[in-house]
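J.: heads up, no residue letters with this:
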């Protein structure tokens, strides 16, 4: 009977056979095509090298006393303002320490106007007079030698937080080259017009606050950390109270 149907109605028979095959594949087929489709539907990992959540812990950042009360007013619209609320804990791999503590500091200004460069990594972050280093006007930098190559997860900077001033052209870079000629990695840049010649930055300017500014360095590796600035909204000078570099030696 089947042979008779196929001889008399070949098109109808072909269609029926194709339909039957489709049903069988839908019910039982798990061939390469289905496996590939299933693989395509899996969510992609955000960062293959990121540590598991159980390997993370909040950084133990000790904050100085607030040097002024309340949140700053009348700041330009493009400036990120303090929220007035505590900063959320920053999670980083367990074992992170402040690699910058007591480490040597050099600068483009060999003789600071006020203070000594060693104050930038001495652990004292208070906003009282005498606790900050003052560098000359114009574009200046300070550089911290961590002693060896490290994986850096966060950098916290206190310029001068006795009042809510804003420092211009803040650029932070990491390198294994102490002269910052080769293999330079920029982790923060708020120089929106490249007036400092280090590239156009997309980060926002911010008002100084007792919490300091925390930069997520995302595990960048290097031995030297260099921080630039070019004056501020109160005067043309450049100031640093403290810099912390949180990471793990390689």
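T.: Noted; the coordinates are in hand. These numbers come from a predicted model, not from an experiment. Numbers count the residues shown, from 1 in each chain.
J.: who's in contact with the spatially most central residue of the chain?
T.: The C-alpha lying nearest the average C-alpha coordinate of the chain belongs to residue 216 (C-alpha atoms, centre = their mean; 2.6 Å). Counting by C-beta atoms under 8 Å, 6 or more residues apart in numbering, residue 216 touches 90, 153-154, 187. C-beta coordinates here come from the backbone N, C-alpha and C atoms, glycine included.
J.: relative to residue 109, how far out is it?
T.: Distance, residue 216 to residue 109, using C-beta to C-beta, to the nearest Å: 28 Å.
J.: again with residue 213
T.: In terms of C-beta to C-beta, residue 213 sits 21 Å off from residue 109.
J.: counting neighbours, go ahead and name the busier of the two.
T.: When residue 213 and residue 109 are compared for neighbours, residue 213 comes out ahead with 22 against 18, by other C-beta atoms under 10 Å.
J.: may I ask you to confirm that that one is in contact with residue 157?
T.: Yes. Using C-beta atoms under 8 Å, residue 213 is in contact with residue 157, at 5.1 Å.
J.: all strands for the chain, in order.
T.: 56-58, 79-80, 91-93, 97-98, 105-107, 133-135, 140-158, 171-175, 185-189, 205-206, 213-229, 238-240, 242-249 (DSSP state E).
J.: what pLDDT is listed against the closest residue in space to residue 126 that isn't next to it in sequence?
T.: Closest residue to residue 126 apart from its sequence neighbours, by C-beta to C-beta, 6 or more residues apart in numbering: residue 64 at 4.6 Å. Here, the pLDDT recorded for residue 64 equals 97.
J.: now residue 49
T.: On the pLDDT scale, residue 49 gets 47.
J.: lowest average confidence across helices and strands of the protein, where is it?
T.: Lowest by mean pLDDT, DSSP states H and E among the helices and strands of the chain is helix 32-40, with a mean of 36.
J.: what's around the residue nearest to residue 126, how many residues?
T.: Residue 64: 18 neighbours (other C-beta under 10 Å).
J.: contact partners for it?
T.: Residue 64 neighbours (C-beta under 8 Å, 6+ apart): 125-127, 158, 161, 210.
J.: domains in the chain, by residue range?
T.: 2-40, 53-249 (automatic domain parsing).
J.: which residue sits closest to residue 177, ignoring its sequence neighbours?
T.: residue 183 (5.9 Å).
J.: please read the previous query as pertaining to residue 239.
T.: residue 160 (3.9 Å).
J.: one more: residue 196?
T.: Nearest to residue 196 is residue 169, by C-beta to C-beta, 6+ apart, at 4.3 Å.
J.: which residues are in contact with the one you found?
T.: So residue 169 contacts 139, 190-191, 195-196, 198, 228-230 (C-beta under 8 Å, 6+ apart).
J.: how close does it sit to residue 119?
T.: For residue 169, the distance to residue 119 - C-beta to C-beta - is 22 Å.
J.: please apply the same query to residue 69.
T.: 25 Å.
J.: give me the more crowded residue out of the two.
T.: residue 119 (19 against 5).
J.: OK, contacts around that one?
T.: 131-133, 240-242.
J.: contacts only, for residue 199.
T.: 171, 186, 189, 191.
J.: cool, residue 190 as well?
T.: 169-171, 201, 203-206.
J.: for the protein, what are the low-confidence residue spans?
T.: 1-53 (pLDDT under 70).
J.: separation between the residue nearest to residue 126 and residue 131?
T.: 9 Å.
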